[in-house]
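[1] I would like the atomic coordinates for the input below:
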Amino acid sequence: MGKEPFVYNPVDKLFHLEPIDQRTVAGFTSRNEGVSRAPYNETNLGLHVGDDHDDVISNRERLSAKLGVNLDDFVYCEQVHNNIVQKVTTNERGLGTKSMESVVSHADGLYTRDEQVVLATLYADCVPLLFTGDRGTIVGTAHAGWKGTAGNIGGELVRQWIESENVDVTSIHAYVGPSIGKEKYVVDDRVIDQLKVVLPSDVTTWNRVSDGQYELDLKLTNALLIEQAGVPRNQITVSRYCTASEPDLFYSHRRDGSKTGRMAAYIMRSSGS
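    Numbers count the residues shown, from 1 in each chain. Okay, here's the model as predicted:
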């Protein structure tokens, strides 16, 4: 599904996404060049994982500076592993930037038509989904762990754009970001049974490795569900980066356990070119 869409820049330590239009700024952070101390070193952006609050805010301010925006231009959502997608506007800027209490609640996805609103979702193995549509006049992001994937959060965002925003589905471009790879992600029958409900009966995105244990390709699963929602296959691009395999670049919950940091996927409409 195309070449690697997320290109690492060793200068700013970000994975830059180059979408089809020129008015979208998007990408994915690495764990490098921040102020968080072990075990969260260095650029933890999650306020909910036990890291020092001021260190997280400092890391978020550094990201803002790299993108040329203000910290309060960001919007974060609660991320409770559901499939709820929420539209936000300039009025919601700043939600979740400095405290968990102010996040967009009960949502794992965000989208906007407004410029200078930076949508951000956080990761340590789950799948980041980034979207542009209508020639970059609408952008979105969705957090897809296995529960969000089973709830088809990517397809839900596409559905909302079609039904509520009158977006032409053939104008949508989707990007599946760095996340845990198939070889590092073993799940059980409970997960597979729920994925069978949303995938076509003749499609499997997993390999059985032992009794009741399966290697699951969560990135491919999301790409297929987005295609099933109507986005053209040649407009869906999947990253080859595995968060669990590259500890120098990424945090990983599967690899490191609960005491680890979070990267961010971000996307915004820019007023510049």
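[2] how far away is residue 86 from residue 156?
    Between residue 86 and residue 156 the computed distance is 11 Å (C-beta to C-beta, to the nearest Å). Where you see a C-beta, it was placed from the backbone N, CA and C, and this is true even at glycine.
[3] quick check: neighbours shared by the two?
    Overlap between the contact sets of residue 86 and residue 156, as judged by C-beta atoms under 8 Å, 6 or more residues apart in numbering, is given by residue 109.
[4] my guess is residue 66 contacts residue 9, does it?
    No - counting by C-beta atoms under 8 Å, residue 9 is not a contact partner of residue 66; they are 9.6 Å apart.
[5] out of the two, which sits in the busier spot?
    More neighbours sit around residue 66 than around the other of residue 66 and residue 9, counting by other C-beta atoms under 10 Å; the figures are 16 against 12.
[6] burial of residue 228, as a residue count?
    Neighbours of residue 228 using other C-beta under 10 Å come to 16.
[7] next, it: phi, psi?
    Dihedral angles phi and psi of residue 228 (degrees, to the nearest 10) take the values phi -60, psi -30.
[8] wait, doesn't it sit right on residue 203?
    No - applying C-beta under 8 Å as the test, residue 228 and residue 203 come out as separate, 9.2 Å apart.
[9] and residue 267, that's in a helix?
    No - membership of residue 267 in a helix is not supported by DSSP: H, G, I helix; E, B strand; the rest coil, which gives strand.
[10] and it, how close does it get to residue 12?
    The spacing between residue 267 and residue 12, counted by C-beta to C-beta, is 16 Å.
[11] does residue 119 touch residue 266 like I think?
    Yes - Residue 119 is within contact range of residue 266, at 6.7 Å (criterion: C-beta under 8 Å).
[12] quick check: end-to-end length of stretch 181-195?
    The distance separating the two terminal residues of stretch 181-195, taken as C-alpha to C-alpha, to the nearest Å, comes to 17 Å.
[13] which outside residues touch it?
    With C-beta under 8 Å, 6+ apart as the contact definition, stretch 181-195 has outside contacts at 125, 146-147, 149-150, 205-207, 209, 212-221, 242, 244-245, 252, 254-255.
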